[in-house]
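**Student:** With the input below, show me the fold.
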Amino acid sequence: NGQLAEVAQSGGEGEEKEGRPRGGAMETQVRAAFAAEGIDLTGSKHNEAIVEAALLCRRHGVEPADLVLKWAAHHHNSKMARDELPTKAALAELEKKLERSEKVRKTQVQHAVADDRTFDASSAAAMFDTGFMDAFGVQGTPVVAPEPVTKRSQFTTPARRPRNRGVASGGGPSPGQGDAATPAPPSTGNRDYHSRDNSGKVELVYNPADLAVSTLGLRHPETLDDGDISEYENAKAKPYRHMFQKLRDISEVLDARVDDLGDRMKKKFKLVEPRPSKDVEGEMITPELAHVALPNQESVPVIARVCLDTQGEGKLNAASVVFEGSRETSNGARVEVNLAEMQDFSLFPGQIVAAEGTNATGTKFTPSKLYLGHPLPLARSKTSDLVDHYFGSVTGDTEVVDILVAAGPFTTTADTDYEPFKELMQVIRGATPDVVILIGPFVDEDHPVIKKGELEDPHEDVFLNLIEHAKDVVCVELKKSMVLVPSPRDVHHDAVYPQPAYQLPESHEHEHLHCMANPSTFTIKEMVVGVNSADILMDLSKQETSRGQSGDRMGRLANHLLQQRSYYPLCPPAAGLNLVYEHLEAVSLPITPDIMLLPSDLRFFAKNVNGSLVVNPGKLTKFSAGGTYAKVAVHAPRRNDIPEDSVIRHSVTDRAVVQVVRV
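**Tutor:** Here you go, the predicted structure:
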């Protein structure tokens, strides 16, 4: 049975003897506290961990429930595997951190000056309520998934006979516009997927015009054809050769991006106004942009890319910002930036900016003004086309277009049964949306079973059977349209970015099934929809540095994409994203979308960002718990609001209703 530590009910340190833990009150409470958060420590193999956890509680006066919170934070900060459970060694490391924290806290208390702002136990605890973790899209405490109990997907190939199928174990206003998203109060249901009690709960509603939330009884469009759903040409629809990038080619692509966006900002903000020539009377000359690294005592305009200095620790901050000029204007030179005069800014690596300022010595540029980009115009349509879309059908006027959006992973980390995916199909049967947009990953490379190589079925077979099931429900049974967008985490697909569309066998194709690239811009009737499954919001949140900004961080991060005219403006990209610079044009926004879908591990939201409806639907699953999906209802414009013979904006933000719903 091995040597296990037996801890007395009292006595603090305890002593080691043979046998099992006595199962005292503290050990029982610890085991129950972990179980309540979906961390299964039952069985004799976890006795050492339970004993160590109980000792930790006694030594430091920590309640078992608080210990679980501290373990979750330690697990996250230590970058452990998602499915790694508490062990005696890991808990010992946690105890060392607690001892260091206690020592620091005692030192601070000794030197603190007592006043009405001093924190006590209750006020400090209030800082870390459920809303703290909600910012990351997590309800309550992050959960470490239990060991997977199945190795075989229920979506197996027809030729194989399944065996041993497992059972699952037990803000503020956006830039330029106010948003009308109303969050629901945090859920208190159990985090385990199969014992959850919040299925179908509406977590958020965006409805600025106070339109009808339910679309039952409203007239929907007839089945959409290829003309109603079409992709912009800049997307990478077909596979391409990769892993052949040369440094010179990468440099030229990045340099061209600085010049292109820089020229547009130069004209937009009138950085170089024509002025009379000093040499020729009556002649007007246009000055050039200044070299970023040459001395200039007077204020001059520059165009540059934001970079991190060579001494940086990996994250940009106000003291580590460097401007890199283009070859044309600055011969590619770099210069340090002094942001002391700037009262507000929001910068990240790879951002193309325009600035006005001085460079007294040629070694440090001091900006007095910063211009953070120039967004593309919003989509417009001829009024005659809008009339045809909504009022030209012989069967009656269209009153609303329903879109359902769900992003993977589509199964929990506890198993590969894809129960959330199956329940989503039942939701679709009941809601009958006009368009279903499914965003990968479908077979997630980060799933514990995939990482360990224990999935018996080929990844491609699991994916194709999922798509076949979805196609049968959406396209065949309901006769509605479906859009598929891949993810860099799809283990069965090209792990490059931009990512080509899924290439389905002919047997899986359907006239109402549309495979789009990642990222992708496409139309649904008159609406322009943009989708990016790379988690740019999370990546930007880790790299951005700002000062004097409003509290709406999600709106600000999304606005960076619009201002930089790119689905992924961060450079260099986050670790793990294989950006192919040769095809960077496919990552560019061809136009400002009416609806931009940005699924992220950050908390779900729906916001009006400078005229674009930006939606993070969340992920359908989060570890061993259920996640969210989004329902977007776009109401038809009023016939009297459409002028004759004109070109107008679509104004989707004013006629849309978004609901984020628990699966």
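
**Student:** so where's this structure uncertain?
**Tutor:** 1-24, 104-191, 275, 277-279, 285, 311-313, 394-396 (pLDDT under 70).

**Student:** So the residue located most distally from the centre of it: helix, strand or coil?
**Tutor:** Distance from the centre of the chain peaks at residue 281, with 57.5 Å (CA atoms, centre = their mean). Going by DSSP: H, G, I helix; E, B strand; the rest coil, the secondary structure assigned to residue 281 is coil.

**Student:** Would you mind measuring from it to residue 272?
**Tutor:** The span separating residue 281 from residue 272 equals 21 Å under the rule CB to CB, to the nearest Å. Using the backbone N, CA and C atoms, a C-beta is placed for each residue, glycine as well.

**Student:** so residue 320 touches residue 308, yeah?
**Tutor:** Yes: applying CB atoms under 8 Å, one finds residue 320 in contact with residue 308, separated by 5.7 Å.

**Student:** CA atoms only for stretch 546-562, dumped as CSV, please.
**Tutor:** This file holds the C-alpha atoms of stretch 546-562, laid out as CSV (Å, rounded to 0.1, in the frame of the first residue of the first chain):
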residue,chain,number,x,y,z
SER,A,546,-1.8,52.5,-22.4
ARG,A,547,-2.2,55.6,-20.5
GLY,A,548,-5.3,57.8,-19.9
GLN,A,549,-7.7,55.4,-21.6
SER,A,550,-11.4,54.7,-20.6
GLY,A,551,-12.4,51.6,-18.8
ASP,A,552,-13.8,49.8,-21.9
ARG,A,553,-10.7,47.8,-22.7
MET,A,554,-12.4,45.3,-25.0
GLY,A,555,-13.8,48.0,-27.2
ARG,A,556,-10.3,49.6,-27.4
LEU,A,557,-8.6,46.4,-28.3
ALA,A,558,-11.2,45.7,-31.0
ASN,A,559,-10.8,49.2,-32.3
HIS,A,560,-7.1,48.6,-32.9
LEU,A,561,-8.1,46.1,-35.6
LEU,A,562,-10.3,48.7,-37.4
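
**Student:** Mind listing residues that contact whichever helix or strand residue 401 is part of?
**Tutor:** When elements are defined using DSSP states H and E, residue 401 is found to belong to strand 400-407. Surrounding strand 400-407, the residues in contact under the criterion CB atoms under 8 Å, 6 or more residues apart in numbering are 215, 218-221, 424, 427-428, 431-440, 487, 524-525, 527, 533, 595, 597, 599, 615, 617-620, 629-636.

**Student:** Just the helices from the stretch 151-300 of the chain, written as ranges.
**Tutor:** Assignment of helices within the stretch 151-300 of the chain using DSSP state H, counting those that start in this stretch yields the ranges 247-268.

**Student:** ok, which stretches of it are strands?
**Tutor:** When assigned using DSSP state E, counting those that start in this stretch, the strands of the stretch 151-300 of the chain occupy the ranges 181-183, 202-206, 229-231, 275-276, 284-285, 296-308.

**Student:** Name every strand pairing with the second one and say which way it goes.
**Tutor:** With DSSP bridges as the criterion, the sheet partners recorded for strand 202-206 are strand 181-183 (antiparallel), strand 656-662 (antiparallel).

**Student:** Identify all contacting residues around the last one.
**Tutor:** Contact partners of strand 656-662, identified using CB under 8 Å, 6+ apart, comprise 181, 187, 196, 198-207, 211-213, 595, 604-606, 613, 615, 617-618, 626-635.

**Student:** just to revisit the earlier point, out of the strands paired with strand 202-206, which one sits most buried?
**Tutor:** Among the strands paired with strand 202-206, strand 656-662 has the highest mean neighbour count (mean count of other CB atoms under 10 Å), at a mean of 24.

**Student:** Would you mind getting the angle between that one and strand 400-407?
**Tutor:** Angular relation of strand 656-662 and strand 400-407 on a 0 to 180 degree scale: 40 degrees, by axes from the mean of the first three to the mean of the last three CA atoms, to 10 degrees.

**Student:** Tell me how far strand 656-662 lies from the chain's centre.
**Tutor:** What separates the centre of strand 656-662 from the centre of its chain is 17 Å, taken as CA atoms, centre = their mean, to the nearest Å.

**Student:** Repeat that for stretch 306-321.
**Tutor:** On the basis of CA atoms, centre = their mean, stretch 306-321 is displaced by 23 Å from the centre of the chain it belongs to.

**Student:** what do you get for stretch 533-543?
**Tutor:** The gap between where stretch 533-543 is centred and where its chain is centred comes out at 6 Å by CA atoms, centre = their mean.

**Student:** Please type out the ChimeraX selection for whichever of the contacts of strand 656-662 turn out to be buried.
**Tutor:** Filtering these down to the buried ones (16 or more other CB atoms under 10 Å) takes a single ChimeraX command:
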select :181,187,196,198,201,203,204,205,206,207,595,604,605,606,613,615,617,618,626,627,628,629,630,631,632,633,634,635
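
**Student:** picking up where we left off before, let's see which of the contacts of strand 400-407 end up in strands.
**Tutor:** Among those, the residues falling in strands (DSSP state E) are 435-439, 524, 527, 595, 597, 615, 629-635.

**Student:** Doesn't residue 336 belong to a strand?
**Tutor:** Yes: inclusion of residue 336 in a strand is indicated when three-state DSSP is applied.

**Student:** Quick check: chain neighbours aside, which residue is closest to it?
**Tutor:** The shortest distance from residue 336 to any residue other than its chain neighbours is 4.7 Å, reached at residue 364 (CB to CB, 6 or more residues apart in numbering).
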